[in-house]
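In: pasting the sequence and the predicted coordinates here, then a few questions.
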Amino acid sequence: MVYLGWRLASAYPDPGPMPVRPAQPPSAQVSAAWLAAQRREQALLARPARLGAAAAGAVAFVGGGCWLAGAVPPGLALLVVVAGAATTGACLRALVAGRRVLRAQVVAEHERVRQIAARQQALLAARQEQDAGSLRDWQQRSAAFRRQPQWHPVTVPAQVSRLDVAGGTLAGWSALLTMLAGPRLATGSEVTVVDLTEGGVAADLIALACRWGISPLVWVLPADLPRLDLGLGLGHEALAEVLALTAAAAEGGGPGGPDPARDAALLGRLLAVLGPDANLPRLTAALRAVAQVGGAHEQLSASASALSPGQLSMLGGMFGRGAEHLLIDRALALEARLRVLGTLGTAPTERPPSPLRVAWPQRRGTATGNQVVGSYLCVALTEVLRQVPDRGRPWQQTVCVLGAERLPGGTIDRLCDAAEAAGTGLVIGYRAIPAHVRERLGRGNAAVAFMRLGNAEDARAAAEQIGSEHRFVVSQLTDTVGSSWTDTFGDSYTSTVGTADSLADSASATLTAGRSRGRGRSRQGSFAPFADSTGSASRDASSSAAWSDSRSVTEGINTSTSWGVSTSRALGASSSLAGTLQRSRELVIEPHELQHLPQTAVVLCRPGPYGREVLLADANPAIITLPTATLATMPDAAASRPG
């Protein structure tokens, strides 16, 4: 299987926030307002008794005074005093009884409040015991949720021969390429990357391979064309066809374009004239000779170092006069396209083989030159794959072509067919979805992955192909990291040459010269080592010469080449990252959402056991470092959930 990204799925549901402990209710007390109201009511009820006691006491006092003063008879005075005293006593007894009633009411109220407080305490204790059980249950569920593997890998079945990637940014493609190729390299597979974006997408993968102790083979073109050996072992007919298809692809490869068959026939005849020593510099010189660039004398002087006089004579007479005009025009066009490849394979170096090979045109090259170089890489790689038999191990050899929207449709079709016939896993990335790409997405035995699509028309086409009935939940980790991912790309190419001479007198003169040539079946460190089983030949040549007469001359030339591409990733820390495993927002498949996907988010359409499956994955390779990430495949129950 091929790892594409990660998906958040949990066997245990999120326990949610921690239960809140119940607050202590206020203690029940007798209301002061109630007491004041009772006292006011009692005062109003006792007012007649107080007034009666006061009036009766006054009457008794007045009657006693009159008796002492002799103003009234003693019997009458005694009667008045006794009546007043009796009335006063009755009123005082009424006042005392009212106070006793008030005191009894207050005592009863205090008892009622005490009973209420006791009831509240009992209810609170029961609730606290219940909440303590809920808290213990939440802690257990939370611990199980945190310990369980939550990030599961999203894979493409090995039975799928091709993965089409549409949309995406350079940062997103860098993460996706690292996620795809990293596990393949770890399992001993070979990965070949052809990056036509001129953005150094494979920089992170190269850095990861170096940390793993893998020395990748990197060609930054056109500066490293002399070291590139792709296509050097092909026969004349195959090489002529590759170059003709390269020129046609560089010119657009449309229906009204040049006929590759005629160009292949022309180039094949020229290679036949050049013989076994044919190479790209000699072929371009032959094209200039056929095109009559600059006149006969200039042709002879310019091509003398590459072509012999006999070959120049044969080139001048191998075509009839009737075809002279068309032949010159076509030779000029082919020479203009193929001259960029003039240094191809002129200085091959023996390097240790590597499971990772990366080639891409650098952005400092010309637009036309990079188009020709990219077309040649794909066309020559297609020809090599056509000669490789199916080894019966899918995805053991993985080829990634990024920025393939720059290639014509016919070139893409031939590459897909050759990879499928050879059992080679193929990943094709398109940053845009033009018409010729739209009709090829998912064609045949392929899975399709959609990343961020900035163009509204491309997003609409992707939404129609995915289906608007799908809904997903984007993880907060995916959303936050995708929105804060920044990129910095840079490349450098330097070359230095130095010489050193020393002279010493001697009394002898010698002259020695030697030259050797050999042919072999394979070359270590080649761009396409998987073609060795076909028996395609590779050639190397070396020569040496030394001369001295009464002095010795020592001369050395040192050449060094350095190349580097750096990618920096910055993630700002914020409080929102505290809950990185929480789910963030819902995503509906519609053009607006596809235009605002996180940079590492991938919507994958793959064949499944029950038909077509649509999944949302995160291609960030750093998720493997999370404690909740696992390489175990997602269970079916979790896979059926959205998310």
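Out: Arrived safely, thanks for sending.

In: end-to-end on stretch 188-202?
Out: 19 Å (CA to CA, to the nearest Å).

In: what's the mean pLDDT across that stretch?
Out: When the per-residue pLDDT values of stretch 188-202 are averaged, the result is 93.

In: ok, the residue lying closest to G168 once chain neighbours are set aside to V156 distance?
Out: Once its chain neighbours are removed from consideration, G168 has its nearest residue in M451; the separation is 3.4 Å (CB to CB, 6 or more residues apart in numbering). All C-beta atoms are positioned from the backbone trio N, CA, C, and that covers glycine. M451 sits 15 Å away from V156, taking CB to CB, to the nearest Å as the criterion.

In: which one's more surrounded, these two?
Out: Neighbours were counted for M451 and for V156 using other CB atoms under 10 Å; M451 has more, 25 against 22.

In: mind listing what the more buried one touches?
Out: 165-169, 172-173, 176, 597, 599, 601-603, 619 (CB atoms under 8 Å, 6 or more residues apart in numbering).

In: redo the residues you listed as CSV? Include pLDDT, secondary structure and neighbour count.
Out: Listed next are the contacts of M451 as CSV, based on pLDDT from 0 to 100; DSSP: H, G, I helix; E, B strand; the rest coil; neighbours: other CB atoms under 10 Å:
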residue, pLDDT, secondary structure, neighbour count
V165, 96, strand, 28
A166, 96, strand, 26
G167, 94, coil, 26
G168, 92, coil, 28
T169, 92, coil, 20
G172, 92, helix, 25
W173, 94, helix, 26
L176, 94, helix, 29
L597, 89, coil, 25
Q599, 90, coil, 25
A601, 91, strand, 27
V602, 93, strand, 28
V603, 93, strand, 25
A619, 92, coil, 31
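
In: list the helices and strands the top helix by length along the chain packs on?
Out: For the chain, the helix that runs over the most residues, judged by DSSP state H, is helix 74-147. Helices and strands in packing contact with helix 74-147 are listed as helix 32-69; criterion 3 or more CB pairs under 8 Å, 6 or more residues apart in numbering; DSSP states H and E.

In: now the helix it packs on against helix 74-147, angle please.
Out: Counting by axes from the mean of the first three to the mean of the last three CA atoms, to 10 degrees, helix 32-69 lies at 170 degrees to helix 74-147.

In: chain center to helix 32-69: distance?
Out: Taking CA atoms, centre = their mean, to the nearest Å, one finds the center of helix 32-69 at 95 Å from the center of the full chain.

In: start at 45 instead
Out: Okay, residue one is now 45; in that scheme the one you just asked about reads as helix 76-113.

In: span of stretch 196-208 from start to end?
Out: In stretch 196-208, first residue to last residue: 22 Å (CA to CA).

In: ignore what I typed, I meant stretch 269-283.
Out: The distance separating the two terminal residues of stretch 269-283, taken as CA to CA, comes to 16 Å.

In: give me the element the residue nearest to A448 when sequence neighbours are not counted is part of.
Out: Take A448 and drop its neighbours on the chain: the residue closest to it by CB to CB, 6+ apart is I472, 4.8 Å away. I472 belongs to strand 469-474 when assigned by DSSP states H and E.

In: buried stuff in the helix or strand following that strand?
Out: If you walk from strand 469-474 toward the C-terminus, the next helix or strand you reach (DSSP H and E) is helix 479-482. Along helix 479-482, the positions that meet the burial threshold by neighbour count (16 or more other CB atoms under 10 Å) are H480, V481, R482.

In: who are the contact partners of the last one?
Out: This points to R482. R482 makes contact with A505 under the criterion CB under 8 Å, 6+ apart.

In: where do the strands sit along the stretch 395-544 of the chain?
Out: If you assign secondary structure with DSSP state E, counting those that start in this stretch, the strands in the stretch 395-544 of the chain sit at 400-405, 441-446, 469-474, 490-494, 515-519, 535-542.

In: kindly reformat those as TSV containing mean neighbour count and mean pLDDT.
Out: As requested, those are exported to TSV (neighbours: other CB atoms under 10 Å; pLDDT from 0 to 100):
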stretch	mean neighbour count	mean pLDDT
strand 400-405	25	93
strand 441-446	25	95
strand 469-474	25	96
strand 490-494	23	95
strand 515-519	19	75
strand 535-542	11	34
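
In: ok, which of those comes nearest A141?
Out: Of all the strands of the stretch 395-544 of the chain, the one in closest proximity to A141, counting by CB to CB, is strand 515-519 (76.7 Å).

In: what's that closest one packed up against?
Out: strand 627-632, strand 655-662.

In: any idea which of those strands scores lowest on pLDDT?
Out: Comparing mean pLDDT across those, the lowest value falls on strand 627-632: a mean of 68.

In: could you point out which element follows it?
Out: Using DSSP H and E, the next helix or strand after strand 627-632 towards the C-terminus is helix 635-639.

In: which other helices and strands does that next one contact?
Out: Packed on helix 635-639, when contacts are counted by 3+ CB pairs under 8 Å, 6+ apart, are helix 500-510.

In: and the strands in the stretch 195-344 of the chain?
Out: Secondary structure of the stretch 195-344 of the chain, counting by DSSP E, counting those that start in this stretch: strands at 195-200, 206-210, 234-239, 261-265.

In: tell me the contacts of the closest residue to R143 other than its chain neighbours?
Out: Of all residues not flanking R143 in the chain, Q86 sits nearest, at 7.3 Å (CB to CB, 6+ apart). Contact criterion CB under 8 Å, 6+ apart gives G142, R143, V145, L146 as the residues in contact with Q86.

In: kindly recompute the last result at 10 Å.
Out: Counting by CB atoms under 10 Å, 6 or more residues apart in numbering, Q86 touches L139, G142, R143, V145, L146, R147, Q149.

In: I'd like to know which of the strands of the stretch 395-544 of the chain lies nearest to P227.
Out: P227 lies closest to strand 441-446 among those, at 10.3 Å (CB to CB).

In: how close does the closest residue to Q440 other than its chain neighbours sit to W263?
Out: Beyond its immediate neighbours in the sequence, the residue positioned closest to Q440 (CB to CB, 6+ apart) is S233, lying 5.3 Å away. Distance from S233 to W263, counting by CB to CB: 20 Å.

In: L168 now?
Out: With the distance defined as CB to CB, L168 ends up 77 Å from W263.

In: and if you look at G216?
Out: Separation of G216 from W263 (CB to CB): 24 Å.

In: can you list the domains in this protein?
Out: Taking automatic domain parsing as the reference, the chain has its domains at 76-191, 277-387.

In: pull the contacting residues for L207.
Out: Each residue near L207 by CB under 10 Å, 6+ apart is listed here: 46, 48, 200, 220, 224, 439, 442, 444, 469-473, 486, 490-493, 648, 650.

In: about what we covered before: which one of the domains of the chain lies closest to L675?
Out: For those, distance to L675 was read as CB to CB. The smallest value, 16.8 Å, belongs to domain 76-191.

In: how far out from the middle of the chain is that closest one?
Out: If you compare the mean C-alpha spot of domain 76-191 with that of the full chain, they lie 80 Å apart, counting by CA atoms, centre = their mean.

In: okay, now the unreliable bits of the stretch 45-194 of the chain?
Out: Under the criterion pLDDT under 70, the flagged ranges of the stretch 45-194 of the chain are 54-58, 188-189, 191-193.

In: sorry, that was for the stretch 545-687 of the chain
Out: Along the stretch 545-687 of the chain, segments meeting pLDDT under 70 span 545-569, 574-628, 678-687.

In: let's see it at 50
Out: The model of the stretch 545-687 of the chain has pLDDT under 50 over residues 545-566, 577-626, 680-687.

In: JSON lines for the strands of the stretch 195-344 of the chain, including distance to P452?
Out: Compiled in JSON lines, the strands of the stretch 195-344 of the chain are given as follows (distance: least, CB to CB, whole Å):
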{"stretch": "strand 195-200", "distance to P452": "26"}
{"stretch": "strand 206-210", "distance to P452": "16"}
{"stretch": "strand 234-239", "distance to P452": "16"}
{"stretch": "strand 261-265", "distance to P452": "20"}
